[in-house]
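Colleague: This is a predicted model, with the sequence first.
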Amino acid sequence: MLDWGIMVHYFPFLLQGAVLTLKISVFALILGFIFGISAALLKLSKNPLLRSAAGFYIWIIRSTPLLVQLFLIYFGLPQLGIDLGSFFSGVLGLALNIGAYNAEAIRGGIISVPSGQMEASRSLGMSSRLAMRRIILPQAMRIALPSLGNNFIILIKDTSLVSTITLVELTLTAQRLIGSTYKPFEMYLMAAFLYAVLTTATSLVLGRVEKRMAY
Amino acid sequence: MLDWGIMVHYFPFLLQGAVLTLKISVFALILGFIFGISAALLKLSKNPLLRSAAGFYIWIIRSTPLLVQLFLIYFGLPQLGIDLGSFFSGVLGLALNIGAYNAEAIRGGIISVPSGQMEASRSLGMSSRLAMRRIILPQAMRIALPSLGNNFIILIKDTSLVSTITLVELTLTAQRLIGSTYKPFEMYLMAAFLYAVLTTATSLVLGRVEKRMAY
Amino acid sequence: EGLDDVKKKGELTFSLTGQYPPFNFVDDKNTVTGFDVEIGKAVAERIGVTGKPVTTAWDGIIAGLIASKYDLICGSMAITEQRLKSIDFSDPYYRSGAQIFAGNSSDIGSSADLDGKKIGVTLGTTYEQWVRENIKGAEIKTYKGVPDMILETATGRIDAFVTDKIVGAMAIRDKNAPLKLVGGLLYEERMGIAMLKGNPKLKNAVNKALADMKNDGTYEKISMKWLGIDAR
Amino acid sequence: MVQMQNLHKYFGENEVLQGIDISVAKSEVVAVIGPSGSGKSTLLRCVNYLEEPTEGEIFIEGNLLNVKGMRRKEFQRHLNRIRTKVGMVFQQFNLFPHMTVLENVIEAPVHVLKKPRKQAEKAAEEILEKVGMLEKRDAYPKTLSGGQKQRVAIARALAMEPDIMLFDEATSALDPELVGEVLKTMEDLAKEGMTMIVVTHEMDFARRVADRVVFIAEGKIVEQGKPEKIFAEPDEERTKQFLGTFINGFRS
Amino acid sequence: MVQMQNLHKYFGENEVLQGIDISVAKSEVVAVIGPSGSGKSTLLRCVNYLEEPTEGEIFIEGNLLNVKGMRRKEFQRHLNRIRTKVGMVFQQFNLFPHMTVLENVIEAPVHVLKKPRKQAEKAAEEILEKVGMLEKRDAYPKTLSGGQKQRVAIARALAMEPDIMLFDEATSALDPELVGEVLKTMEDLAKEGMTMIVVTHEMDFARRVADRVVFIAEGKIVEQGKPEKIFAEPDEERTKQFLGTFINGFRS
Ligand SMILES: Nc1ncnc2c1ncn2[C@@H]1O[C@H](COP(=O)(O)OP(=O)(O)OP(=O)(O)O)[C@@H](O)[C@H]1O
Ligand SMILES: Nc1ncnc2c1ncn2[C@@H]1O[C@H](COP(=O)(O)OP(=O)(O)OP(=O)(O)O)[C@@H](O)[C@H]1O
Ligand SMILES: [Mg+2]
Ligand SMILES: [Mg+2]
């Protein structure tokens, strides 16, 4: 039923798309992690202004589609004179998006650390900033890791949306090849396979990290 | 800068798209909840066959893009003689997708219920099925609710992908109107607004349910 | 067999993207209309059934036909060797061609000036392939629709784009798009109504309907109404 | 009432119970004491089949608990039937947090014994009265103090009209001042003639209430007998050593 | 060393401390006893400013703890400075689970006092030796028993070389058999001349180690004095009633 010849022939092209997917994912993942941790800390800060700014960021991102966010960044920002190019627009859009979800995961981790940890730290004379950095965050990260892992995996799949801003990643590669070969099943199956490889690899790496962080 | 006249004129059409989005979401949500709870229970079952079937379902869904899943259901199933039509293909695809994520959320809830609850139930002579239904699940659901809520909100936004299988939901409505009006910002902003309304309303309802379930 | 099914249903469904004015698009009442739509409906009428347009994404439009989600594609699809390998086409129902468009103040004067420039095309169209084969050193960017490419030309992220001549011309006329036509047609394209292979009865019925329309003036009326020219 | 014969339990390589024989008569109160990790909880959990004994037999009112070779379904039914006759009270209470006190107590009578709800409620109220918790019938567990929670847990077990009650350190999660009320409830129960096996660290209680004290260490019965005997003049060195930590000064 | 003057603390409407005056001399060991909810923990937490007193003053070595009108930043620095002089040991240990025993102990000396790591490690090892935990220096907290955890918590507080140590029911989360080792450590500390305020339910310990016993009920000091006096012939009815639950039989 499947046309194996076609699949073998076109696989390298899809692989090329997967490489771009991977590259975008890695950048967005790192940036999104920074956004997430910053927003989580701001949302727990004592300053009501910072707190509501972080709350607004999380709310607006989580309540609108990524597609629209990408569109506004790529097509909208240049109208304000800011042109990031498609690669960095894609990375920024994805990072802002995953950042909001990461923020909630990390905030959940932070508030899951028993309050006795902060009290013990303060009673040793640590400033709240030092206690956060040395005592609370390391424990919070471990609690948040499974959620963060979920977000990473969703991110990898969401990269398919950057095809709307001219980036030829894995999904778009498949679609282009469908356009010339008219073999949708073969192409989508290969794309699905490559996504599964990327996400499964990520899961495995995260499983390792989780084991490492266990204490 | 924005063309307000156009926005006022076209808003009702977007609203119409939002209604279809809502309809699909509700169906997929209910079905996805059933899938989720079933897969969670199967994954915790003693039968290794059922357990690995549930595990495979969760893995394959979570590691491949929804778009590909929708294509395979909508274009692939008819080749096996099963034609669900676009609406039910969309609902099924979304439900299968959210179902896998729900399963993990619910499973997390179930294993978070202290093991003493099951032991106390069994020691009162309850069968494990009865204990699951009366004692464990009610508590697990409450624990899982925030995660489930997240999934629901992501589902609403993911409905935008059913536009690829001919359903004229909110995003496609916006895109179609962009096609004829050449006003992408106006249309996408309105679409984003309507998504924000839908997701925020969902959050509020879930917040209520969460309060109700508190004990 | 295709034609009998259609007659039994009393309905002929044909698909298009709905994002390709003036051939197919949604009007200000949010209904799908345009040249393709009226042609499709007229063809259906002549077969003795009602025609019903179905909008779908271009990426999946052929897959949908193969999966029998609709009977025809009547959405400005060019007849190509590649496509003929997997689907069948009626006789051409209009002609147009690939045209280069650039910003109206651009210094690009002909296709020769395009070497090494950034060129936009819409995803999955015949233009992408042509540009790839014929313009040296071009950097190709793919978009989901013409409106995106108009925006991109305005912000200078692409230097020019290739699309259907009529589509671009209408955007300039009706939407005041700041574009100009560069040079003549790159090549001519003949658009056909696509259907599944192995349906000679359906194909004959569609061809006969088209021929009749061309003969009795219906075609010309539709074409003048939407395109301002007779595009046959 | 309850016989354990040559009971062995392994966790992996670890032999936690190394051949235990205990038999408990009707209305007898047996206190089980011993150092942490000696297998007391495991022993109690075997009586309820919350743990599967690796070897040996357990009889409840003459019925073999751990029959072999039954089909899974049937065995489960057999277990559930016996479990309704054996009440268990845990250190951590394990009340159902999503149900009120009354709902906790009637849950098993209604859904396991299939008693009519009205009747179950009436019985439950009587039992709650007995443990002094009737006024809290509509409260949720989280609003109760530890001592109150434990008394509800006892009421929940009693509502099944068990023939025997098992207590696993029922007071050790409680604040010192709350311990008294639970021990009082247990003492009352003993006086009424309930058969009881009580794992406890409360030596005073064991001394006053138990008919027999069993001292377990490293999975074996070291010594057993009347409380007066065990606490005053134990035969074994190991027993003396263990009791010493409770008797001297502040256990230093 | 520590003076509390007219200390009041409200939680909302609830006046948990209703004017407490205590002053603790250098090397004095004060035991605070009282029923659950009487405000003992709150009192101790005020000394460390983990709770903000609503009214009244606290002086640590003559320095006012709760100065008013300082800028936030400055006040935090002032607090952190004083806190390094006050060691606190919690009921729930609150060890840092992601650090080894040694890392727990050197964390604050290195990051707060900015001691060189080598030097902090050497000091930490001496303290661990003292509490009998040196051999576990590289273990993670979760591998320790409760008594061991609490001794590490004490070592962690001692590593800051505090002038005063606060203990909030340091033994009540422990199994009866593990209580002894922690009380022993605390007794040694008292003998060395550490100033200590100890909230405890261990009456034997209070009797043996404390220089003074303070009995608190409903947020007020009911009675205080030498342990011999308080335990043998308390003046107040309320004190007798409270101590009664600990003296009679098994607290029934
Ligand atoms: N599910 C289990 N898996 C593996 N080992 C277990 C399990 N349950 C108990 N053990 C081990 O069996 C031994 C006996 O445990 P048990 O809980 O019966 O002791 P105990 O006498 O009740 O102690 P305590 O007084 O601390 O409650 C211990 O060494 C314990 O670590
Ligand atoms: N953060 C808080 N918010 C509101 N009320 C509180 C808070 N902390 C303590 N309380 C209340 O203050 C009162 C005194 O509590 P505290 O913990 O000081 O008592 P305690 O004497 O230490 O009791 P225990 O012996 O049970 O530890 C109690 O009624 C308690 O409910
Ligand atoms: Mg035990
Ligand atoms: Mg306290």
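Modeller: On my side now, so go ahead. Numbers count the residues shown, from 1 in each chain, chains lettered A, B, ... in the order given. Ligands and ions are numbered 1, 2, ... in the order given.
Colleague: in the chain, which spans are helices?
Modeller: No chain in the question, so chain A it is. Applying DSSP state H to chain A gives helices spanning A:4-43, A:48-63, A:66-71, A:85-112, A:115-123, A:128-131, A:137-158, A:170-181, A:184-213.
Colleague: Switch to chain C, please.
Modeller: Ranges of helices within chain C are C:2-9, C:35-47, C:61-66, C:81-84, C:126-134, C:146-155, C:165-175, C:200-216, C:218-227, based on DSSP H.
Colleague: Would you mind giving these as JSON lines with mean pLDDT, mean neighbour count and distance to C:Cys74 added?
Modeller: C-beta here means a position set from N, CA and C on the backbone, and glycine is covered the same way. Shown next, in JSON lines, are those (pLDDT from 0 to 100; neighbours: other C-beta atoms under 10 Å in any protein chain shown; distance: least, C-beta to C-beta, whole Å):
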{"stretch": "helix C:2-9", "mean pLDDT": "87", "mean neighbour count": "15", "distance to C:Cys74": "13"}
{"stretch": "helix C:35-47", "mean pLDDT": "95", "mean neighbour count": "23", "distance to C:Cys74": "4"}
{"stretch": "helix C:61-66", "mean pLDDT": "86", "mean neighbour count": "22", "distance to C:Cys74": "11"}
{"stretch": "helix C:81-84", "mean pLDDT": "87", "mean neighbour count": "13", "distance to C:Cys74": "14"}
{"stretch": "helix C:126-134", "mean pLDDT": "87", "mean neighbour count": "17", "distance to C:Cys74": "17"}
{"stretch": "helix C:146-155", "mean pLDDT": "90", "mean neighbour count": "22", "distance to C:Cys74": "19"}
{"stretch": "helix C:165-175", "mean pLDDT": "90", "mean neighbour count": "18", "distance to C:Cys74": "16"}
{"stretch": "helix C:200-216", "mean pLDDT": "94", "mean neighbour count": "17", "distance to C:Cys74": "9"}
{"stretch": "helix C:218-227", "mean pLDDT": "93", "mean neighbour count": "18", "distance to C:Cys74": "12"}
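Colleague: what about the closest residue to D:Lys26 other than its chain neighbours, how many neighbours?
Modeller: Closest residue to D:Lys26 apart from its sequence neighbours, by C-beta to C-beta, 6 or more residues apart in numbering or on different chains: D:Met1 at 4.9 Å. Using other C-beta atoms under 10 Å in any protein chain shown, D:Met1 has 16 neighbouring residues.
Colleague: Pull out the CA atoms of stretch D:216-230 and give them to me as PDB.
Modeller: Below are the C-alpha coordinates for stretch D:216-230, written out as PDB (Å, rounded to 0.1, in the frame of the first residue of the first chain):
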ATOM      1  CA  ILE D 216       8.300  -9.200  68.600                       C
ATOM      2  CA  ALA D 217      11.900  -8.500  67.400                       C
ATOM      3  CA  GLU D 218      13.400  -9.100  64.000                       C
ATOM      4  CA  GLY D 219      10.300 -10.900  62.700                       C
ATOM      5  CA  LYS D 220      10.200 -13.500  65.500                       C
ATOM      6  CA  ILE D 221       8.200 -13.700  68.700                       C
ATOM      7  CA  VAL D 222      10.700 -13.200  71.500                       C
ATOM      8  CA  GLU D 223       8.400 -13.600  74.400                       C
ATOM      9  CA  GLN D 224       4.700 -13.400  75.300                       C
ATOM     10  CA  GLY D 225       2.500 -13.500  78.300                       C
ATOM     11  CA  LYS D 226       0.400 -11.500  80.800                       C
ATOM     12  CA  PRO D 227       1.400  -7.900  80.900                       C
ATOM     13  CA  GLU D 228       2.300  -8.000  84.500                       C
ATOM     14  CA  LYS D 229       4.800 -10.700  83.700                       C
ATOM     15  CA  ILE D 230       6.300  -9.100  80.600                       C
END
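Colleague: pLDDT on that stretch, on average?
Modeller: Average pLDDT, stretch D:216-230: 93.
Colleague: Buried residues, it. List them.
Modeller: For stretch D:216-230, a neighbour-count test (16 or more other C-beta atoms under 10 Å in any protein chain shown) marks D:216-217, D:219-224, D:227, D:230 as buried.
Colleague: before we move on, what about stretch A:16-26?
Modeller: Quick answer for stretch A:16-26 (16+ other C-beta under 10 Å): A:17-18, A:20-22, A:24-25.
Colleague: try stretch D:145-152
Modeller: Buried residues in stretch D:145-152, counted by 16+ other C-beta under 10 Å: D:146-152.
Colleague: Please flag which of these sit within helices.
Modeller: Among those, DSSP H puts D:146-152 in helices.
Colleague: tell me which of the buried residues of stretch A:16-26 is nearest to E:Leu158?
Modeller: Of all those, E:Leu158 sits closest to A:Ser25, with 48.9 Å by C-beta to C-beta.
Colleague: per-residue pLDDT, the closest one?
Modeller: The model reports A:Ser25 with a pLDDT of 96.
Colleague: My understanding was that it contacts A:Ser160; is that so?
Modeller: No. Counting by C-beta atoms under 8 Å, A:Ser25 sits too far from A:Ser160 to count as a contact (10.9 Å).
Colleague: for chain A, where's the lowest mean pLDDT among helices and strands?
Modeller: Ranking every helix and strand in chain A by mean pLDDT, DSSP states H and E puts helix A:170-181 at the bottom, with a mean of 83.
Colleague: if I look at whichever residue of chain A sits closest to ligand 1, how far off is ligand 2?
Modeller: Closest approach between chain A and ligand 1, counting by C-beta to the nearest ligand atom: A:Ala214, at 19.1 Å. The gap separating A:Ala214 from ligand 2 is 32 Å, by C-beta to the nearest ligand atom, to the nearest Å.
Colleague: same check, this time on C:Glu128
Modeller: The spacing between C:Glu128 and ligand 2, counted by C-beta to the nearest ligand atom, is 66 Å.
Colleague: Now do the same contact list for that residue.
Modeller: A:176, A:179, C:121-122, C:140, C:142 (C-beta atoms under 8 Å, 6 or more residues apart in numbering or on different chains).
Colleague: mind checking how far C:Ile66 is from C:Met195?
Modeller: For C:Ile66, the distance to C:Met195 equals 11 Å [C-beta to C-beta, to the nearest Å].
Colleague: coming back round to it: how about the helices of chain C, which one is nearest A:Pro48?
Modeller: Set against A:Pro48 and scored by C-beta to C-beta, these come closest in helix C:146-155, at 38.5 Å.
Colleague: Look up which residues are beta-bridged to C:Asp88.
Modeller: C:Asp88 forms beta bridges with C:Met195, as assigned by DSSP bridges.
Colleague: Point me to the residue of the stretch 151-252 of chain D nearest chain B.
Modeller: With C-beta to the nearest C-beta as the measure, D:Met160 is the residue of the stretch 151-252 of chain D nearest to chain B, at 6.2 Å.
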